[in-house]
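Visitor: Sequence and computational prediction follow.
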Amino acid sequence: MRAKILIVEDENDIGSFMVRTLNRKGFNAIRAETGKEALRLVELEKPEVILLDIMLPDIDGFEICKRVSRQHPEISIIMVTARGEDVDKIRGLELGADDYIIKPFNPMELIARIKAVIRRTNKPDNSNEVVIGPLRIDYNCRQVYKNGVVLDLTPREFCLLKVFVNNLNKALTRDEILNWVWGEDYIGDTKTVDVHVRRLREKIEDDPSHPKYIETVWGKGYLFRKGD
Ligand code: CA
């Protein structure tokens, strides 16, 4: 299984160069050009490592680093910086970054840093499949099974389930879900979320009117419960 690396870089030349280089070296590289898109891909794609540029057009890299390390401490973050003052800030702040690298960098050095943070986290690589009770989610084939029977999920329902499974036992607001599954530019309201949650419940729950997995959190949104 190839480690998934999220590259957050707004400059096209550098960004596409990094994607090409990492893919050639056996990683599965994906890219976000803005902070908002980065936060969305974190929830959807669950990368193992994020290469995080600091100067972005919307949310800066420091803020993204803070949010991601709080929400997903299992993801390693390497800050990518061009300036000396940024380096001081990375060193000085408790941001939760694992490492940093200064632009311009040698691709071989970047790869060495990525391999080092992956080694340090040293977790078993089972990210291509998640099993929750009778549900089995196969990320490679984008298929969901219940008691061994494949469920007929639309791509949007699959994304929604992914976001829930990546945030087990955390209450998510309808706005968060809307942004992560549909994207910031989606014109529509949070009723869309309710409709899709209802359809997903009909497919995965034993009794959709008494859901065991997707709970409604009053005044907030939804939570995917992982019982033991
Ligand atoms: Ca930049």
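Guide: Here it is on my side, so go on.
Visitor: quick one: contacts for Cys65?
Guide: For Cys65, the contact set (Cβ atoms under 8 Å, 6 or more residues apart in numbering) comprises Leu52, Ile77, Met79, Leu95, Gly96, Ala97. (C-beta placed from N, C-alpha, C; glycine too.)
Visitor: rerun that using 10 Å as the cut-off
Guide: 8, 50, 52, 54, 77-79, 90, 93, 95-98 (Cβ atoms under 10 Å, 6 or more residues apart in numbering).
Visitor: who wins for neighbours among those residues?
Guide: Highest neighbour count within these, by other Cβ atoms under 10 Å: Val8, with 31 neighbours.
Visitor: Would you quantify the distance from the closest residue to it other than its chain neighbours to the ion?
Guide: Sequence neighbours aside, Ala38 is the residue nearest to Val8 in space, at 4.3 Å (criterion: Cβ to Cβ, 6 or more residues apart in numbering). Note on Ala38: its distance to the ion, by Cβ to the ion, to the nearest Å, is 12 Å.
Visitor: Tell me how far the spatially most central residue of the chain lies from Trp182.
Guide: By Cα atoms, centre = their mean, the chain has its centre lying nearest to Val42, at 2.0 Å. Val42 sits 16 Å away from Trp182, going by Cβ to Cβ, to the nearest Å.
Visitor: picking that back up, return the item of the contacts of Cys65 having minimum pLDDT.
Guide: Least confident by pLDDT among these: that is Leu93, with 67.
Visitor: show me where this protein has strands.
Guide: Ranges of strands in the chain, per DSSP state E, are 4-8, 28-32, 49-53, 76-81, 99-102, 129-132, 135-138, 143-146, 149-151, 171-173, 214-217, 221-224.
Visitor: From Ile50, how far out is Arg67?
Guide: 11 Å.
Visitor: for Val197, same thing?
Guide: Per Cβ to Cβ, Val197 is found 28 Å from Ile50.
Visitor: Over to Cys159?
Guide: In terms of Cβ to Cβ, Cys159 sits 19 Å off from Ile50.
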